[in-house]
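S.K.: how does the following fold in three dimensions:
(2 chains, ligands or ions: 2)
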Protein chains: 2
Amino acid sequence: ETSAKVIDGKAIAKQIRDEITEEVSKMKNAIGVTPGLAVILVGDRKDSATYVRNKKKACESVGINSFEVRLPEDCTEQEVLKFISDFNDDPSVHGILVQLPLPSHMNEQNILNAVSIEKDVDGFHPLNIGRLAMRGREPLFVPCTPKGCIELLHRYGINIKGKKAVVIGRSNIVGMPAALLLQREDATISIVHSRTKNPEEFIREADIIISAVGQPNMVRGNWIKPGAVIIDVGINPVEDTKSPRGYRLVGDVCYEEACKVASAITPVPGGVGPMTIAMLLSNTLISAKRIHNFQ
Amino acid sequence: ETSAKVIDGKAIAKQIRDEITEEVSKMKNAIGVTPGLAVILVGDRKDSATYVRNKKKACESVGINSFEVRLPEDCTEQEVLKFISDFNDDPSVHGILVQLPLPSHMNEQNILNAVSIEKDVDGFHPLNIGRLAMRGREPLFVPCTPKGCIELLHRYGINIKGKKAVVIGRSNIVGMPAALLLQREDATISIVHSRTKNPEEFIREADIIISAVGQPNMVRGNWIKPGAVIIDVGINPVEDTKSPRGYRLVGDVCYEEACKVASAITPVPGGVGPMTIAMLLSNTLISAKRIHNFQ
Ligand SMILES: NC(=O)C1=CN([C@@H]2O[C@H](COP(=O)(O)OP(=O)(O)OC[C@H]3O[C@@H](n4cnc5c(N)ncnc54)[C@H](OP(=O)(O)O)[C@@H]3O)[C@@H](O)[C@H]2O)C=CC1
Ligand SMILES: NC(=O)C1=CN([C@@H]2O[C@H](COP(=O)(O)OP(=O)(O)OC[C@H]3O[C@@H](n4cnc5c(N)ncnc54)[C@H](OP(=O)(O)O)[C@@H]3O)[C@@H](O)[C@H]2O)C=CC1
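M.R.: Ligands and ions are numbered 1, 2, ... in the order given. I've put the predicted structure just below:
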């Protein structure tokens, strides 16, 4: 019985934050510019507030300036657009992030499209996704979570070129861009989704599996090719009476079974999760460097 | 021994041109507007001149106005950009097409990006490709050749949803958008390219095969699952001493072998080929309708 190497996202994210800290300080010393990230939060969802707080803390930890705007649930789309427009023009802001979901009376597409493509550190603008899909074009930003998945593969020295990769899930923010990224690195990709009959037939062939579904323990041990590498993006709460919170978080992949078959696997939590914010910081730094033409 | 149904692209393209003729005439009668397509040809490549002539003829055949600009090989990028800008502003032009390849001293990306996205009937603008890739977004135009492939499947009543589809080739103009289109219709897609080891392993599983490679007879009969549907985009000249021209055209799929295994297959020529121009006319009509808000 083999045991998979654990891909330690927490440790890699820490390492990346340290690298960013150093680069931010170099940039400040050389040209006097500090990268800045603006976050717009509308309404008072608790989970959104937590995400925004974590992003702010992460910025502080690496020396990136953070700017926060909180607007009430009942503010108008115009007000949000005004703040975006001001941040677009503000030279101390290099990245703009609108925390989703927005209140239902707002047109999410209008608001996201208002963010200047040069400051769209989330990388969700269709122009950016188009460039990601096209050979010979370069996106300005790669969406954070899929970028984090690929970064984990790179940092663990896992070869992508010529490998069979399956992506489970095709969402705009994770699955689809993850598949495009794998293809850019010359993997042969298959994309499984809710309309796929017998997903296990695809998964069993894959050397690399990226799962972003949101179904606890969907991928079973016997769906996995021996030696495959598994990046589990899913974060799913399941009841757990032994936990003080009454639940615990699990991935899309049944970890206990998979770790006996795979050659490497990300845990949940502590795998892809910590990478997403690290990539947001990385994108903000990249943006500041590009705007100020600093290598 | 079974024999595949032949997917008659020539007949379908004729049928589509007839439908377009009727709609063009309806539009003219109702609001006095005739759709117009502008084609810019730079240099004097013989093949490009032929393509442009065919497009012009096709426009005439359905009642679409065509505008042609021919510029010498040694003209400047600025001159081409000036014509594009004029067509962008010209209300009688609803589609603009720059015939590729451009002379090597020009920046193709600059020139293509100058075409107004509302008139980009080729559908190659990254903003358009991004929308094609994203759920919940709609491209303004679907690139002609892949649109023609899907149209053939539709017109032959071939079910796409839930099917396993393989696309061979990942070019910006055929393979990649074809895969995105199949996925939008809920196929499970795999994309095979030159770095894929053992492409036959993927192809053998597929219910639908779209091939856009440019390798004569690459896909053999025993690579095909019995009953699969084959859309062969490849147009490859092979030596043929019996032909007066000294060559004939074949697809990427070995037709003689494949037609004994597949349930349906496009011939080369006469399959996807005639569909591309029909879809260009369709995109031009769509554009005119959209600009004039005509249903
Ligand atoms: N930092 C991080 O680590 C992040 C983690 N996540 C987590 O990743 C997971 C996915 O997130 P997200 O992409 O936003 O989710 P979405 O709900 O937007 O997308 C889920 C995708 O999974 C597909 N799917 C659903 N059920 C099945 C099934 N039974 N078999 C195969 N495919 C299925 C859906 O298919 P269809 O398209 O047909 O509906 C869809 O494409 C969640 O658990 C989320 O919490 C998300 C973002 C960041
Ligand atoms: N109207 C019509 O019917 C049209 C027909 N065509 C025809 O379609 C074909 C493809 O055109 P186009 O997409 O522009 O071509 P490109 O040359 O741009 O792309 C070819 C694709 O095939 C892949 N490929 C090359 N060799 C192999 C192989 N041995 N195994 C698997 N994949 C391979 C390449 O992989 P990689 O990306 O790794 O290099 C690439 O993605 C041509 O024959 C062309 O004439 C094209 C446009 C319109």
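S.K.: how much space separates residue A:207 from chain B?
M.R.: 10 Å (C-beta to the nearest C-beta, to the nearest Å). Heads up, the C-betas are built off the backbone N, CA and C, glycines and all.
S.K.: my error: substitute residue A:18 in the last question.
M.R.: Relative to chain B, and taking C-beta to the nearest C-beta, residue A:18 is found at 34 Å.
S.K.: what's the burial count for that residue?
M.R.: 12 (other C-beta atoms under 10 Å in any protein chain shown).
S.K.: close to ligand 1, is the strand or helix carrying it?
M.R.: If you go by DSSP states H and E, residue A:18 is part of helix A:9-31. No - using C-beta under 6 Å from any ligand atom, helix A:9-31 never reaches ligand 1; the gap is at least 8.6 Å.
S.K.: list the buried ones in that helix?
M.R.: For helix A:9-31, burial by neighbour count (16 or more other C-beta atoms under 10 Å in any protein chain shown) applies to A:9, A:12-13, A:16-17, A:20-21, A:23-24, A:27.
S.K.: residues contacting residue A:42?
M.R.: By C-beta atoms under 8 Å, 6 or more residues apart in numbering or on different chains, the residues touching residue A:42 are A:70-73, A:75, A:80, A:98-99, A:102-103, A:106.
S.K.: in its sheet, what does the helix or strand following the helix holding residue A:18 sit against?
M.R.: Using DSSP H and E, the helix or strand that follows helix A:9-31 in sequence is strand A:36-42. Using DSSP bridges, the strands paired with strand A:36-42 are strand A:65-71 (parallel), strand A:95-98 (parallel).
S.K.: mean confidence score for strand A:36-42?
M.R.: Mean pLDDT, computed over strand A:36-42, is 98.
S.K.: what is the least confident helix or strand in chain A?
M.R.: helix A:108-114 (a mean of 93; mean pLDDT, DSSP states H and E).
S.K.: domains for chain A, by residue range?
M.R.: Listed by automatic domain parsing, the domain ranges of chain A are A:32-116, A:143-273.
S.K.: is the longest one anywhere near ligand 2?
M.R.: No - if you take C-beta under 6 Å from any ligand atom as the test, domain A:143-273 misses ligand 2, and the best it gets is 7.1 Å.
S.K.: distance between the ends of that domain?
M.R.: 14 Å (C-alpha to C-alpha, to the nearest Å).
S.K.: and if you look at the shortest one?
M.R.: From the first residue to the last, domain A:32-116 extends over 23 Å; the measure is C-alpha to C-alpha.
S.K.: close to ligand 1, is it?
M.R.: No - applying C-beta under 6 Å from any ligand atom, one finds domain A:32-116 out of contact with ligand 1, separated by at least 9.6 Å.
S.K.: how about stretch A:51-61: buried residues?
M.R.: A:51-52, A:55-56, A:58-59.
S.K.: try stretch A:157-175
M.R.: Result for stretch A:157-175 [16+ other C-beta under 10 Å]: buried residues A:158, A:160, A:163-175.
S.K.: low-confidence regions, the stretch 1-150 of chain A specifically.
M.R.: A:1-2 (pLDDT under 70).
S.K.: what does the stretch 1-150 of chain A have sitting close to chain B?
M.R.: A:109, A:125-137 (C-beta under 8 Å from any C-beta of the partner chain).
S.K.: nearest to ligand 2, of the residues you listed?
M.R.: Each of those was checked against ligand 2 using C-beta to the nearest ligand atom; the closest is residue A:135, at 6.6 Å.
S.K.: not counting sequence-adjacent ones, nearest residue to the closest one?
M.R.: Closest residue to residue A:135 apart from its sequence neighbours, by C-beta to C-beta, 6 or more residues apart in numbering or on different chains: residue B:172 at 5.8 Å.
S.K.: same check on residue A:286?
M.R.: Residue A:286 sits nearest to residue A:141 (C-beta to C-beta, 6+ apart), 7.1 Å away.
S.K.: go ahead and confirm the residue nearest to residue A:135 touches residue A:130.
M.R.: No - the pair formed by residue B:172 and residue A:130 falls short of the contact definition of C-beta atoms under 8 Å, at 9.8 Å.
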